[in-house]
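Enquirer: Compute the structure for the input listed below.
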Amino acid sequence: MPPALHTEICDLLGIRYPIIQTGMGWVAKPELVAAVSNAGAIGFLAAATIPPREVEAEIEAIKKLTDKPFGVNFLMDAPGADIIIEAIIRQGVRAAGYNRAPNAELIQRLKDAGVICVPTCGAVKHAVKAEKLGADIIVVQGSEGGGHTGVVPTSLLAPRASDAVKVPVVAAGGYFDGRGLVSALAYGAAGVAMGTRFLMTAESPVPSITQDRYKEADVSDVFITSGLDGMPQRVVGNELVSRLESGNVIGRLFFALRNALAYRKFTGAPISELLGSALSMRKNERLTRSQMLMAVNAPMLAKTAMEDGDPIHGYLPSGTVAGVITDQPTCAELVETIVREAEETLQRLTV
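Expert: Got it, this is the predicted structure:
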């Protein structure tokens with residue numbers, strides 16, 4: 001393997017290739033996480049969509065499937081974050097991923113235990129703050145990424161972030177092959193993070209009826225909408241998005257309230273904790289009251305599509321790359337292909 005493909009994050013995370021699988025809610029389950037790590041990259045368990053007290057059992061399930069390093073991704077402002085952190089530390093998990101509302105005290109607890117801290121940011125100023133709070137690696141997601149996203153394309157965000165911080169940066173948003181990996185390295189990044197590409201693999205738990213909607217999508221079918229929760233999200237367009245975008249505000253708020261009640265039942269968290277989490281999110285994300293209420297739409301509607309197998313009434317978070325992917329390889333085949341393409345690209349550029 002060319003030295004260029006062995007970057008700083010390989011040593012920090014104990015992995016062979018500089019490729020990270022993002023913590024996609026309802027998707028990044030033990031089987032997918034283990035398959036990615038066994039392939040030489042690193043998978044992240046999506047703990048944000050698991051009741052906190054069940055996270056440790058999911059970590060143990062991953063350990064039964066791989067002896068390679070993996071990570072756990074969670075929300076620091078959500079109820080039960082402290083329970084998840086204790087599970088991460090107790091189980092000796094290599095890395096912790098987080099995004100909104102970083103908490104200095106919780107980050108320090110992870111660092112004191114030797115856990116590699118890997119936040120995700122969508123702006124250079126947030127990357128700078130993340131470094132000050134103790135990040136070891138920073139994932140920067142450009143507008144091509146799936147789910148909640150910003151407006152700056154990865155081709156601009158990655159090099160600017162790489163120049164602004166001293167810790168290694170990993171580029172996310174728009175990556176799916178070896179040529180993309182080489183381009184990220186050229187931007188100054190130390191690797192790539194991919195969500196949608198790993199969602200569309202053989203080990204992905206997403207039901208085939210939902211997978212088919214991703215494979216059938218053209219690039220023009222993947223766009224940004226604010227109809228789900230008032231904040232920009234990149235999705236594969238479907239019947240749900242069309243209905244929400246054409247509906248009125250009162251109808252959307254009633255819809256969100258119903259999902260909020262479902263979320264409370266799923267998590268088992270008391271109302272006081274959910275309100276505290278919502279207020280924290282409102283403060284950190286500068287949300288309006290209606291956006292704060294609607295924010296619960298995303299996790300519950302993603303569950304409908306990703307776990308329940310209903311891509312009509314659920315939502316399909318997606319990076320732009322869904323519009324160019326039609327296959328469903330194993331994680332091992334995918335990582336091998338990416339690395340081989342990267343090697344061939346580097347060789348072609350140096351001839």
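Enquirer: Could I get the full set of strands for this protein?
Expert: Secondary structure of the chain (DSSP state E): strands located at 19-21, 42-46, 71-73, 95-98, 116-121, 138-141, 147-148, 169-172, 192-194, 222-225, 233-236, 316-317.
Enquirer: So for D82, which of those strands sits nearest?
Expert: When these are compared by C-beta to C-beta, strand 95-98 sits nearest D82, at 12.6 Å. In short, each C-beta sits where N, CA and C put it, glycine included.
Enquirer: then that closest one to CSV, C-alphas only?
Expert: Output of strand 95-98 as CSV, limited to C-alpha atoms (Å, rounded to 0.1, in the frame of the first residue of the first chain):
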residue,chain,number,x,y,z
ALA,A,95,-13.3,5.9,19.7
ALA,A,96,-16.3,8.1,20.5
GLY,A,97,-18.1,10.2,17.9
TYR,A,98,-20.4,13.1,18.7
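Enquirer: what mean pLDDT does it have?
Expert: Strand 95-98 comes out with an average pLDDT of 98.
Enquirer: Show me what it packs onto, helices and strands only.
Expert: strand 42-46, strand 71-73, strand 116-121 (3 or more C-beta pairs under 8 Å, 6 or more residues apart in numbering; DSSP states H and E).
Enquirer: so where do the helices sit in the stretch 1-150 of the chain?
Expert: Ranges of helices in the stretch 1-150 of the chain, per DSSP state H, counting those that start in this stretch, are 8-13, 30-38, 55-65, 81-90, 104-112, 124-132.
Enquirer: Could you say which one of the ones you listed comes nearest to A158?
Expert: helix 124-132 (10.0 Å).
Enquirer: Show residues contacting that closest one.
Expert: By C-beta atoms under 8 Å, 6 or more residues apart in numbering, the residues outside helix 124-132 that reach it are 102, 119, 121, 138, 140, 157, 160-161, 164-167, 169.
Enquirer: got the angle for it vs helix 104-112?
Expert: 60 degrees (axes from the mean of the first three to the mean of the last three C-alpha atoms, to 10 degrees).
Enquirer: on that earlier part again, any chance of the helices of the stretch 1-150 of the chain in CSV, plus distance to L301 and mean neighbour count?
Expert: Formatted as CSV, those follow (distance: least, C-beta to C-beta, whole Å; neighbours: other C-beta atoms under 10 Å):
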stretch, distance to L301, mean neighbour count
helix 8-13, 32, 19
helix 30-38, 20, 24
helix 55-65, 22, 17
helix 81-90, 23, 20
helix 104-112, 28, 15
helix 124-132, 26, 18
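Enquirer: mind listing what E144 touches?
Expert: So E144 contacts 153-154, 173-174, 234, 319-321 (C-beta under 8 Å, 6+ apart).
Enquirer: If we use 7 Å, what do you get?
Expert: Residues near E144 by C-beta atoms under 7 Å, 6 or more residues apart in numbering: 153-154, 173-174, 319-320.
Enquirer: Pull the most distant pair out of these.
Expert: So, the contacts of E144 by C-beta to C-beta: farthest apart are P153 and G319, at 12.1 Å.
Enquirer: More neighbours: which of the two?
Expert: Set P153 next to G319 and count neighbours by other C-beta atoms under 10 Å: G319 wins out with 30 against 14.
Enquirer: hang on, isn't that one packed against H148?
Expert: No: here G319 does not reach H148: they are 12.0 Å apart, not a contact under C-beta atoms under 7 Å.
Enquirer: quick one: low-confidence parts of the chain?
Expert: 247-297 (pLDDT under 70).
Enquirer: can you list the domains in it?
Expert: 3-207+325-350, 209-320 (automatic domain parsing).
Enquirer: Just say which of those domains is most tucked in.
Expert: domain 3-207+325-350 (a mean of 21; mean count of other C-beta atoms under 10 Å).
Enquirer: Now the terminal residues of that domain, how far apart.
Expert: By C-alpha to C-alpha, to the nearest Å, the extent of domain 3-207+325-350 from end to end equals 13 Å.
Enquirer: go on, stretch 314-325?
Expert: 21 Å.
Enquirer: what do you get for stretch 228-241?
Expert: This stretch, stretch 228-241, spans 7 Å end to end (C-alpha to C-alpha).
Enquirer: Also stretch 218-226?
Expert: 20 Å.
Enquirer: what's the closest of the helices of the stretch 1-150 of the chain to I338?
Expert: Within the helices of the stretch 1-150 of the chain, the stretch nearest I338 is helix 30-38; the backing value is 11.7 Å (C-beta to C-beta).
Enquirer: and the closest one, what other elements does it pack with?
Expert: For helix 30-38, the packing partners by 3 or more C-beta pairs under 7 Å, 6 or more residues apart in numbering; DSSP states H and E come out as strand 42-46, helix 55-65, helix 331-350.
Enquirer: returning to that earlier point: with D310 as the reference, name the closest of the helices and strands packed on strand 95-98.
Expert: The nearest among these, by C-beta to C-beta, is strand 42-46 at 19.1 Å.
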